[in-house]
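Colleague: Could you look at this predicted model? Sequence included:
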Amino acid sequence: MMARTGGSPLLVIEGLSKTFGTLRAVQNLNLSVADGEILGIIGPNGAGKTTTVNLMAGAFKPTSGRVLFDGHDVTGFPPHRLAAQGLVRTFQSTTVYGTQTVRENCRRGAFLHLFPGFFPALVPTARARALRAEVETEIDRLLDWLGLAEFAESEARNLPYGVQKTLGMAIALAARPRLVMLDEPVAGMSAEETDHVRDTIKRIRGAGISAIVIDHNMRFISGLCDRVLVLHHGEELAIGTPGEVMAQPAVIEAYLGKGHAKAGRP
Ligand SMILES: Nc1ncnc2c1ncn2[C@@H]1O[C@H](COP(=O)(O)OP(=O)(O)OP(=O)(O)O)[C@@H](O)[C@H]1O
Ligand SMILES: [Mg+2]
C-alpha cells in the first residue's frame with residue numbers, strides 16, 4: 001500500500017463527547033492521527049478508551065463532535081461503511097465465531113470490505129466466482145503473514161487464546177483497512193505472546209496501515225507507539241511520546257493516586 005503524501009492527518013476527532021444518562025464517558029476530545037502512525041490510548045479502567053473507539057468505529061453515535069477520516073466526515077457511519085472507507089476495529093473481548101474455521105472467520109472480514117451485508121455465493125455469476133477466488137488467495141496470504149496458515153481449517157474455538165486474538169486481527173485486516181483500532185490486543189497474553197503481537201503490529205504499520213492501540217500493558221505500549229493519549233474521566237490528560245507522558249506528574253497521579261507524583265515514581 002502506498003503512503004499518502006502531503007502530511008494531512010488520516011483521522012481527526014473534533015470535540016467528541018458521549019454521555020450515558022448523566023455519565024460523561026468521553027468529554028470534548030480532540031485528536032489527530034497521522035498516516036502511518038501508531039497511537040496508543042491508555043488510562044485507568046472506565047477512562048473512556050473503549051467508548052472512544054466505539055465512537056470512531058460507528059458502534060455509538062456521539063452526543064456531540066465529529067470524526068473525519070481521510071478528510072471526510074464519517075461521524076455516525078455504520079461499521080460496514082467505515083470499513084469500506086478503510087477504518088476497522090477489533091474488540092476488547094475476542095469475537096471470533098467459535099464454530100467457524102479460521103478461514104471462514106476471515107471471509108467475514110473480507111466481505112465486510114467488498115460487499116457489506118451481501119454474500120456473493122448467493123449470486124453465482126462469473127464475476128462473483130472470480131471475486132471469491134481472489135478473496136481466498138488474499139486470505140491465504142494474510143494467514144501466512146500472521147503465522148496462522150497452519151490453523152486455516154481449524155475451528156476457532158479449538159485454538160489457544162493467543163491465536164484467537166491474532167485471528168481477531170486477521171479478520172480486521174481482511175477488510176483491507178488503512179487504519180485499524182485494536183482494543184486490548186494483548187490482554188491476558190504471556191510476555192512472549194505480547195512481544196509477538198507487538199512485532200506483528202509493527203509489520204502491519206510497515207505495510208502502510210496506521211493503528212490505534214488500547215492497552216493497559218505499559219511496556220507493550222511504550223515499545224510500540226509513536227505517541228500515547230492518556231484518558232482520565234473521559235478527558236485528555238496528556239498526549240505525547242511514551243516517555244513524555246509517563247514523566248508527567250498528572251499521569252503518575254492518575255495511575256497511582258495522589259502523593260506519588262512528588263516522589264517522581266514511574
Ligand atoms: N453502553 C454503555 N452504557 C452505559 N455506560 C457505558 C456504556 N459503555 C461504557 N459505559 C461507561 O462509560 C465509562 C467509560 O467506559 P469505557 O468502556 O469506555 O472505559 P475503558 O477506558 O475502556 O475501561 P476498561 O479499561 O475497563 O476497558 C464507564 O463508566 C462505563 O461504565
Ligand atoms: Mg475498554
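Modeller: Sure, I can see it. Ligands and ions are numbered 1, 2, ... in the order given.

Colleague: contacts and neighbour counts: CA atoms only from here.
Modeller: Fine.

Colleague: in this structure, which spans are helices?
Modeller: Counting by DSSP state H, the chain has helices at residues 49-56, 79-85, 102-114, 126-145, 161-174, 191-206, 218-222, 242-246, 249-256, 260-263.

Colleague: Now do the fifth one: which elements does it pack against?
Modeller: Helices and strands in packing contact with helix 161-174 are listed as helix 102-114, helix 126-145, strand 179-183; criterion 3 or more CA pairs under 8 Å, 6 or more residues apart in numbering; DSSP states H and E.

Colleague: Return the distance of the shortest one from the chain's centre.
Modeller: Put plainly, it is strand 179-183. With CA atoms, centre = their mean, to the nearest Å as the basis, strand 179-183 stands 1 Å off its chain's centre.

Colleague: okay, the angle between that strand and helix 191-206?
Modeller: Orientation check (axes from the mean of the first three to the mean of the last three CA atoms, to 10 degrees): strand 179-183 against helix 191-206 gives 160 degrees.

Colleague: Show me which positions of strand 179-183 end up buried.
Modeller: Using 16 or more other CA atoms under 10 Å as the burial criterion, the residues of strand 179-183 that qualify are Leu179, Val180, Met181, Leu182, Asp183.

Colleague: any idea how far Pro62 lies from Gly223?
Modeller: Distance of Pro62 to Gly223, given as CA to CA, to the nearest Å: 31 Å.

Colleague: and what of Val53?
Modeller: When distance is defined by CA to CA, Val53 is 21 Å away from Gly223.

Colleague: Point out the residues in this structure that sit beside ligand 1.
Modeller: By CA under 6 Å from any ligand atom, the residues of the chain that approach ligand 1 are Phe20, Ala25, Pro44, Asn45, Gly46, Ala47, Gly48, Lys49, Thr50, Thr51.

Colleague: one more time with 8 Å, if that's ok
Modeller: Within reach of ligand 1 by CA under 8 Å from any ligand atom, the chain has these residues: 19-21, 23-26, 42-52, 92, 184, 215-216, 231, 233-234.

Colleague: Buried only: go through those residues for me.
Modeller: Buried members of these, scored by 16+ other CA under 10 Å, are 24-26, 42-43, 47-52, 92, 184, 215-216, 231, 233-234.

Colleague: per the record, what domains does the chain have?
Modeller: Domain ranges of the chain: 1-86+179-266, 95-176, per automatic domain parsing.

Colleague: least reliable of those going by mean pLDDT?
Modeller: Sorting the domains of the chain by mean pLDDT places domain 95-176 lowest, at a mean of 83.

Colleague: Could you work out the end-to-end span of that domain for me?
Modeller: Between the start and the finish of domain 95-176 there is a gap of 19 Å, counting by CA to CA.

Colleague: Just the buried residues of stretch 158-165, please?
Modeller: By neighbour count on 16+ other CA under 10 Å, the buried set for stretch 158-165 is Leu159, Gly162, Val163, Gln164, Lys165.

Colleague: which of those residues sit farthest apart?
Modeller: Comparing all pairs in these by CA to CA, the longest separation belongs to Leu159 and Lys165, at 9.7 Å.

Colleague: Cool, thanks, talk later.
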